[in-house]
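Asker: mind folding the following:
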Amino acid sequence: MKKTIQIAGIDIGGTKCAVLHADYSDGECHITSKNSFKTADYKNPMDALAKMEELLSLHPFSAIGISCGGPLDSKKGIILSPPNLPGWDEIRIKEYFEEKFAVPCHINNDANACALAEWKIGAGKGMDNVIFMTFGTGLGAGLILDGKLFAGTNDMAGEIGHVRLSPFGSVGYGKAGSAEGFCSGSGIRQLALSRLLELKQLGIRHFLHEKGEELSAYDVFLAARNGDALAKDIIRITGEKLGEICAILVDLLNPEAIVIGSIYARNEDLLFPIANEVLRKESLALSYGCVKILPAALGEEIGDYAALMCAI
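Answerer: Reported below is the predicted structural model:
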């Protein structure tokens, strides 16, 4: 008979914070409540923690999981001045909630937390070696190796977005030609703006010029779906670089699956054929033969489940 436990999760973001309660049983998680508040409404981080405490108190639970952008110290449970959380300096959040509720509390950066979620209840369920890549505004990875999360010496493992793939290219992680510069929402936007500037200087008008600085990766994918040659070429570049990234990870870590979220999950039909062809050519045959490239299964709710799965 399956044993059901009650758990709580906190998803801390620069825009909003969400507090969740859920029932968890043997790889299945059912969210029973969710309450959110705007992070900016609480200038003092301790006031935000007090609001989280208030929302946590609404329902019983036996453990707390927290997902938060890094840098942080997951072992000690300390938030270390994330760029999207100004003023959140040396916040001992694990200690705070364990003292308040007398239950275990665990925190991970958002990429690692999402990796846990996709591994425990998502696309990587039942596997021992799974890599999760964010592929959203930025690019990061969480590593599940030999059936457990690998965070590295100081929670910095998996920063694949920082790897330079080319001497030139869009900027991500402060590095031109980085993996994030090619495979992220911000990187795709930069690629598109650069190509549009070339056309403008040649006196060629493209319909995407109308978007101006509001141009987004969504616009590029939509244009590609409508057959636009410029947009299709940008997607080709992104797909090829994604294949290079996957080849590095496959040869280095020999995973069963690489699970990719956000932009990739919404555009798998466009990106997979291109990335998979590069991966097939660049990776070792035995390693390629046992890996699957999968879209994230948890969709837009992955942030909620990521926080909750840190509790397990």
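
Asker: any idea how far the host helix or strand of residue 294 is from the chain center?
Answerer: For residue 294, the element it lies in under DSSP states H and E is strand 292-295. Strand 292-295 has its C-alpha centroid displaced from the chain centroid by 15 Å (Cα atoms, centre = their mean, to the nearest Å).

Asker: partner strands of that strand, with direction?
Answerer: strand 257-260 (parallel) (DSSP bridges).

Asker: list of residues touching the helix or strand following the strand it pairs with?
Answerer: As assigned by DSSP H and E, the chain's next helix or strand after strand 257-260 is helix 262-266. If you take Cβ atoms under 8 Å, 6 or more residues apart in numbering as the criterion, helix 262-266 is touched by 133-136, 184-185, 188, 217, 221, 242, 271, 295-296, 299. No exception for glycine: its C-beta is placed from N, CA and C like everyone else's.

Asker: and residue 10, what element?
Answerer: Assigned by DSSP H and E, residue 10 belongs to strand 5-12.

Asker: run through who's touching that strand.
Answerer: Under Cβ under 8 Å, 6+ apart, the answer for strand 5-12 is 17-25, 39, 52, 56, 59-69, 79, 85, 303-312.

Asker: follow-up on the earlier one: out of the contacts of helix 262-266, which are inside helices?
Answerer: 185, 188, 217, 221, 242, 271 (DSSP state H).

Asker: ok, now which ones touch residue 22?
Answerer: Listed by Cβ under 8 Å, 6+ apart, the contact set of residue 22 reads 6, 7, 8, 9, 29, 30, 31, 32, 308.

Asker: helix/strand/coil for the closest residue to residue 301 other than its chain neighbours?
Answerer: Nearest non-adjacent residue to residue 301, counting by Cβ to Cβ, 6 or more residues apart in numbering: residue 31, 7.9 Å away. Here residue 31 is recorded as strand under DSSP: H, G, I helix; E, B strand; the rest coil.

Asker: now for residue 31, how many residues are close by?
Answerer: 15 (other Cβ atoms under 10 Å).

Asker: again, but for residue 116
Answerer: 29.

Asker: which element is it on?
Answerer: Residue-wise, residue 116 maps onto helix 110-121 under DSSP H and E.

Asker: can you say which of the contacts of residue 22 are buried?
Answerer: Neighbour-count burial (16 or more other Cβ atoms under 10 Å) applied to the contacts of residue 22 gives 7, 8, 9, 29, 308.

Asker: strands along the stretch 1-150 of the chain, start to end?
Answerer: Using DSSP state E, counting those that start in this stretch, the strands found in the stretch 1-150 of the chain span residues 5-12, 16-25, 28-38, 64-68, 72-73, 78-80, 89-91, 105-109, 130-133, 141-145, 148-150.

Asker: what's the helix or strand of the chain with the lowest mean pLDDT in contact with?
Answerer: Least confident helix or strand, the chain: strand 171-172 with a mean of 92, by mean pLDDT, DSSP states H and E. Strand 171-172 is contacted from outside by 138-139, 161-162, 178-182, 184, 186-187, 190, using Cβ under 8 Å, 6+ apart.

Asker: pLDDT of stretch 144-151, averaged?
Answerer: Mean per-residue pLDDT for stretch 144-151: 97.

Asker: that stretch: which residues count as buried?
Answerer: 144, 149, 150, 151.

Asker: can you give me how far that stretch is from the chain middle?
Answerer: Using Cα atoms, centre = their mean, the offset of stretch 144-151 from its chain centre is 16 Å.

Asker: what residues does that stretch touch?
Answerer: By Cβ under 8 Å, 6+ apart, the residues outside stretch 144-151 that reach it are 74, 108, 112, 115-116, 119, 124, 127-132, 142-143, 157-158, 253.

Asker: any of those buried? List them.
Answerer: Applying 16+ other Cβ under 10 Å to these flags 74, 108, 112, 115-116, 119, 124, 127, 129-132, 142-143, 157-158, 253 as buried.

Asker: please name the nearest non-neighbouring residue to the most centrally placed residue in the chain.
Answerer: The chain has residue 134 as the residue nearest its centroid, 2.9 Å off, counting by Cα atoms, centre = their mean. Nearest residue to residue 134, sequence neighbours excluded (Cβ to Cβ, 6+ apart): residue 140, at 4.8 Å.

Asker: so for the most far-flung residue of the chain relative to its centre, what's the pLDDT?
Answerer: Distance from the C-alpha centroid of the chain peaks at residue 203, with 38.9 Å (Cα atoms, centre = their mean). On pLDDT, residue 203 comes in at 95.

Asker: same check, this time on the one 3 residues further on
Answerer: Residue 206 is assigned a pLDDT of 94 by the prediction.

Asker: in terms of contact, does it touch residue 198 like I think?
Answerer: No: using Cβ atoms under 8 Å, residue 206 makes no contact with residue 198, being 10.0 Å away.

Asker: give me the more crowded residue out of these two.
Answerer: The neighbour comparison of residue 206 against residue 198 (other Cβ under 10 Å) goes to residue 206, with 17 against 11.
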